[in-house]
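Visitor: compute the structure for the input listed below.
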Amino acid sequence: VGAIILENYEHAIKRNAPIIAEIAGGGMASDAYHLTGTHPEGEGAYLGMVLALEDANISANEIDYLNTHATSTPQGDMSELKAIARLFGRQGKLNISATKSMTGHLLGAAGAIEAIACIKAVQNNIVPPTINSVDIEPEYRDIFNLTLHQSQQRQVNYAMSNTFGFGGHIATSIFKKYAE
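Guide: So this is what the prediction gives:
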């Protein structure tokens, strides 16, 4: 169970509220490929992530952790990985995990819970794992830090979360560590 409370920065400072993280940026897109399927090359996912980075005014190499949409469908997971590889290149620095492996698909609540996972990663410098993962495509298994089976402690200044929906809806959010 979780909740996210968004508050205007000036208001939070005025009342001495503890600021856990900041929303750095967001991007919305649609691949409009199929009612229930994603574009095979991840076109919408790629665009959503690019727009979020532009909104946050940061580059892809500043993202420390990416929480994937990852519903454990072969087509969906592969297209998202293709979009991630296209945007981030082959770098082992980026931690990637799929928290749905622990929570299941929470439907309308998935985006909020996964945002909380990203915020907690930024707050505590701990990347949550992908559990129960046994069959990963070799071409992706070795190019990213997939954070398999156990959490990893590391500095997390920026975390990105992908949330997709039927009809090709794409939403990507970026959270950043709060610095006074």
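
Visitor: okay, CA-based contacts and neighbour counts for the rest of this
Guide: Noted.

Visitor: residue closest to the middle of the protein?
Guide: S161 (2.0 Å; Cα atoms, centre = their mean).

Visitor: for the nearest residue to it once chain neighbours are set aside, give its distance to E7.
Guide: The shortest distance from S161 to any non-neighbouring residue, by Cα to Cα, 6 or more residues apart in numbering, is to N67 (4.8 Å). In this view, N67 and E7 are 23 Å apart by Cα to Cα, to the nearest Å.

Visitor: and the residue nearest to S161, what does it touch?
Guide: Counting by Cα atoms under 8 Å, 6 or more residues apart in numbering, N67 touches 96-99, 114, 118, 159-162.

Visitor: one more time with 10 Å
Guide: The contact partners of N67, taken as Cα atoms under 10 Å, 6 or more residues apart in numbering, are 95-100, 114-115, 117-118, 127-130, 159-163, 172-173.

Visitor: packing partners of the lowest-mean-pLDDT helix or strand in the chain?
Guide: Scoring the helices and strands of the chain by mean pLDDT, DSSP states H and E places helix 138-141 at the bottom, with a mean of 74. Packing partners of helix 138-141 (3 or more Cα pairs under 10 Å, 6 or more residues apart in numbering; DSSP states H and E): helix 74-88.
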